[in-house]
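Participant: Next comes the sequence, and after it the predicted model I'd like to discuss.
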Amino acid sequence: MTTHGDAASDLGTSVVEDGRQHGDAPDERVGPGRSGTPRPDRDLPDTGVVPDGPAEPGGGSTPAGTSPPGPGPDPLGSPLADAPPPTGTRAGTGTEPDLSEALAGLRDAVHATAYPLALADAGQARRLADGLVAQLDDYLLPRLARLDAPLLVVVGGSTGAGKSTLVNSLVQARVSATGVLRPTTRSPVLVCNPADSAWFRQGDLLPGLTRTAEPGDRPDTLQLVSAPALPAGLAFLDAPDIDSVVDANRALASQLLAAADLWLFVTTAARYADAVPWELLRTARARGTVIALVLDRVPPGAADEISSHLAEMLAEQELGAAPVFVLPETVVDGQGLLPDRLTQPLRSWFGRLASDAEARSAVIRQTLDGALGALGPTVAGLATAADQQAAAAEALDDRVHAAYRNARRTVEDGLRDGRLLRGEVLARWQEFVGTGELFRTLEARIGRLRDRLVAAATGRPAPSAQLRNAIESQLVTLLRETAAVAAEQSHSAWQAHPAGAALLTPELARPGADLPERAERLVRDWQRGVLELVRTTGGDKRFVARSAAYAVNATGLAVMIAVFASTAFIPTGLEVAAAGGTTVAAQKVLEAIFGDQAIRTLANRARADLMTMVGTLLDEEAARYLTRTSAAGVHGDPGERLRRAAELVRDARSRTSLTGTVPPAGDDSGAGDAGQAGATPQVGAAPAVEEPPAGAGTAR
């Protein structure tokens, strides 16, 4: 690995996504949903790696020859003195939810909001939602519950940048695998002082990763290593490559960076301008993560030129406050570690940070507050996407409702415009009336016996049965046709909508397979209902008494015909000449017997009953579509639910002081506080590269 410059600049402000804070005492945790007693440690041994070299001098105190870091400007404008104690105390007061409770509510709201419809921004919304839930689970909630837990430095960077070699050199032991094969780091490695291992073993931070003491290649594990040379209160996490060719490694790297209190970004002189790292740096800036950079493998004589260009790029991205450490090209020793003289400035910088509880707290709080501030825009985007999902579902439902409303209207028109009186129904009605069947069946009950005898003798159904069958056939045909048209219209409407097209299946273009059977059953049930209505109708006792003396069947058929005609039995068009006389005569007989108002009342009630049953049938057909949008779970107002949850977090945050003053990192060479907000990053001059001693490792 290479070394960085002699002068370290201040800790710059950056944006953290999921900041949780740790401290020196991992034995006490307080927060909503957590007991005051820590969970028992998992059965994981302390690995206690002991380096071959001596422990870092002064690891727990300010290095000799330097003065303790003093207070610097507060980039967020909130004095540390106003902050609550860095123990797990409740942040809120009164009846409003405290910050932890508000974050837990936001987490539930985000987790419960789905983006299943195939809209243009749905995939991005799902990724953002998953990332936000992971950030809350991995970092924000556990960090807010334990502001005093150890500070976590996530070491990230591009493939082959030398992250693992740098981590090994900083802790003076081979704790993370290195090599020429890529990717080297497949599962993350977390290195901490033995005194801090209990906090990381209990798994509040990054709870989705299984703790292990052995190296592995599974991205869902976290290897824990104890290194006595690393000061207490500070931990390094060697993350997979941010540009790994393995999708799972890239996703894990992003997840780990979102759980960092401080991101140590490692790049090389050959790759510092690559697009992928800068995209993540911009993300970190937007989240408020505190960032430091290591420019590795700088060729001799090129440090000034490359460092200046990097400083310009950082300033353009509003990251000029981030400290930059330059490490020249060099060779590693027999253990694969960088020379001490090259890593000493960076180790000293971290050593001062570890020894100063106030500085650690300021970094943690600044990162945490930046992450909280970044929640608002993210949730607002998710709420907009949720609104679009609900609007798309409503639009799809509206198209289906419109198609089946048209189907219902078509049936209503068919009952009123006389079309059902044509063809077979008209012929059977003429036969029923013209042969005198109607009048005979309106006589005493002997008429029904005569019908049975005639049918038995001739082998043909009585005219009344033929008429009833014709009515059934005509109605079933109308229902099947209208349902088919509605299904086709709904299918076409959904096909034209991107979200609807993704929900379609071929069978939706046609009515349900059992529609003919259900339509026939509907008509038969309705016909029986009409007969029952004639038999039991109330309100006109005289009608009830008279109907008891005549055949209910004949009256019921006449009522059915009345339902089909808006012109009171009189057919339209060419049918008038052929059937007008008989229908009018039949109508007059019925009105004379039962009264014209009774017949109209019966017809209106029978028509209403039929339309109710038709409406149920069409609703069942429409449900084949509507259940698909309902199953998506996006109805209602999911966007407003997210906005309310985010507002509670904002209110709780406004009542909680988290920001603090980030002190300068110190400068052994007297270079000054170049790392303050708005300053150009301090870049130290790289020491001259010496020839490696005999037996040294490979060049880097």
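Facilitator: Sure thing, it's come through. Residues are numbered from 1 along each chain as shown.
Participant: Just list the residues touching residue 188, thanks.
Facilitator: Contact analysis of residue 188 by CB atoms under 8 Å, 6 or more residues apart in numbering lists 209, 222-223, 237-240, 252, 256. Where you see a C-beta, it was placed from the backbone N, CA and C, and this is true even at glycine.
Participant: Okay, and the nearest residue to residue 611 once chain neighbours are set aside sits in which element?
Facilitator: Spatial nearest neighbour of residue 611, excluding adjacent residues (CB to CB, 6 or more residues apart in numbering): residue 412 at 6.4 Å. Using DSSP states H and E, residue 412 maps to helix 357-416.
Participant: Any idea how many residues pack against the nearest residue to residue 510 once chain neighbours are set aside?
Facilitator: The shortest distance from residue 510 to any non-neighbouring residue, by CB to CB, 6+ apart, is to residue 487 (5.7 Å). Using other CB atoms under 10 Å, residue 487 is surrounded by 25 other residues.
Participant: Just want the angle from whatever helix or strand residue 487 lives in to helix 357-416.
Facilitator: Using DSSP H and E, residue 487 sits within helix 463-495. Following axes from the mean of the first three to the mean of the last three CA atoms, to 10 degrees, one obtains 150 degrees for the angle between helix 463-495 and helix 357-416.
Participant: Output the contacting helices and strands for helix 463-495.
Facilitator: In terms of contact count using 3 or more CB pairs under 8 Å, 6 or more residues apart in numbering; DSSP states H and E, helix 463-495 is assigned the packing partners helix 357-416, helix 424-434, helix 437-441, helix 498-503, helix 515-536, helix 552-563, helix 596-632.
Participant: hmm, back to that, can you tell me which of the contacts of residue 188 is nearest residue 649?
Facilitator: Residue 649 has its nearest neighbour among the contacts of residue 188 in residue 256, at 23.5 Å by CB to CB.
Participant: For residue 482, state which of the contacts of residue 188 is nearest.
Facilitator: The closest of the contacts of residue 188 to residue 482 turns out to be residue 252 (CB to CB; 56.0 Å).
Participant: Hmm, residue 241 and that closest one touching each other?
Facilitator: No: using CB atoms under 8 Å, residue 252 is not in contact with residue 241; the gap is 10.0 Å.
Participant: Local confidence estimate at residue 597?
Facilitator: With respect to pLDDT, residue 597 has a value of 73.
Participant: how close does it get to residue 611?
Facilitator: As judged by CB to CB, to the nearest Å, residue 597 and residue 611 stand 21 Å apart.
Participant: What of residue 599?
Facilitator: Residue 599 is 19 Å from residue 611, by CB to CB.
Participant: Provide a complete list of residue ranges assigned to strands in the stretch 251-400 of the chain.
Facilitator: Taking DSSP state E, counting those that start in this stretch as the criterion, the stretch 251-400 of the chain carries its strands at 262-268, 290-298, 324-328.
Participant: for those, which one ends up most surrounded?
Facilitator: strand 324-328 (a mean of 29; mean count of other CB atoms under 10 Å).
Participant: So what's the model's average confidence on it?
Facilitator: pLDDT averaged over strand 324-328 gives 92.
Participant: Same check on stretch 117-135?
Facilitator: 94.
Participant: Going by neighbour count, which residues in it are buried?
Facilitator: For stretch 117-135, burial by neighbour count (16 or more other CB atoms under 10 Å) applies to 117, 119, 122, 125-126, 128-129, 131-132, 134-135.
Participant: ok, those vs residue 357, which is closest?
Facilitator: Out of these, the member with the shortest distance to residue 357 (by CB to CB) is residue 135, at 25.4 Å.
Participant: helices or strands next to the helix or strand containing that closest one in the packing?
Facilitator: Element membership of residue 135 [criterion: DSSP H and E] is helix 122-135. If you count contacts as 3+ CB pairs under 8 Å, 6+ apart, helix 122-135 packs onto helix 99-112, helix 247-257, helix 357-416.
Participant: Which among those helices is found nearest to residue 160?
Facilitator: helix 247-257 (13.5 Å).
Participant: can you list the residues that contact the closest one?
Facilitator: Residues outside helix 247-257 that contact it (CB under 8 Å, 6+ apart): 17, 131, 134, 138, 154, 156, 183, 186, 188, 206, 219, 237, 239-244, 263, 280, 284, 289.
Participant: Point out the ones among those that are inside strands.
Facilitator: Counting by DSSP state E, the part of these found in strands is 154, 156, 237, 263.
Participant: Out of these, show me where the pLDDT dips lowest.
Facilitator: residue 156 (88).
Participant: Pull the number of nearby residues for it.
Facilitator: 27.
Participant: measure it to residue 241 for me?
Facilitator: 8 Å.
Participant: one step back: let me have the helices and strands packed on helix 122-135 in CSV, adding mean pLDDT, mean neighbour count and distance to residue 336 as columns.
Facilitator: Putting these into CSV (pLDDT from 0 to 100; neighbours: other CB atoms under 10 Å; distance: least, CB to CB, whole Å) gives the following:
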stretch, mean pLDDT, mean neighbour count, distance to residue 336
helix 99-112, 96, 21, 41
helix 247-257, 84, 20, 22
helix 357-416, 93, 21, 29
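Participant: Let me have those helices in a markdown table, extended by distance to residue 273.
Facilitator: Formatted as a markdown table, the helices and strands packed on helix 122-135 follow (distance: least, CB to CB, whole Å):
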| stretch | distance to residue 273 |
| --- | --- |
| helix 99-112 | 35 |
| helix 247-257 | 19 |
| helix 357-416 | 25 |
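Participant: quick one: which of those is nearest residue 168?
Facilitator: Residue 168 lies closest to helix 247-257 among the helices and strands packed on helix 122-135, at 18.0 Å (CB to CB).
Participant: re earlier: out of the buried residues of stretch 117-135, which two sit at the greatest distance?
Facilitator: Going by CB to CB, the pair spanning the buried residues of stretch 117-135 furthest: 117 and 135, at 24.7 Å.
Participant: Now do the SS call for residue 174.
Facilitator: Using DSSP: H, G, I helix; E, B strand; the rest coil, the secondary structure recorded for residue 174 is coil.
Participant: residues contacting the residue nearest to it when sequence neighbours are not counted?
Facilitator: Nearest-residue entry for residue 174: residue 168, 5.2 Å, with adjacent residues in sequence omitted and distances by CB to CB, 6+ apart. Contact analysis of residue 168 by CB under 8 Å, 6+ apart lists 174-176, 178, 335-337.
Participant: can you put the helices and strands packed on helix 463-495 in JSON lines and add distance to residue 647?
Facilitator: Shown next, in JSON lines, are the helices and strands packed on helix 463-495 (distance: least, CB to CB, whole Å):
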{"stretch": "helix 357-416", "distance to residue 647": "9"}
{"stretch": "helix 424-434", "distance to residue 647": "64"}
{"stretch": "helix 437-441", "distance to residue 647": "73"}
{"stretch": "helix 498-503", "distance to residue 647": "28"}
{"stretch": "helix 515-536", "distance to residue 647": "49"}
{"stretch": "helix 552-563", "distance to residue 647": "57"}
{"stretch": "helix 596-632", "distance to residue 647": "26"}
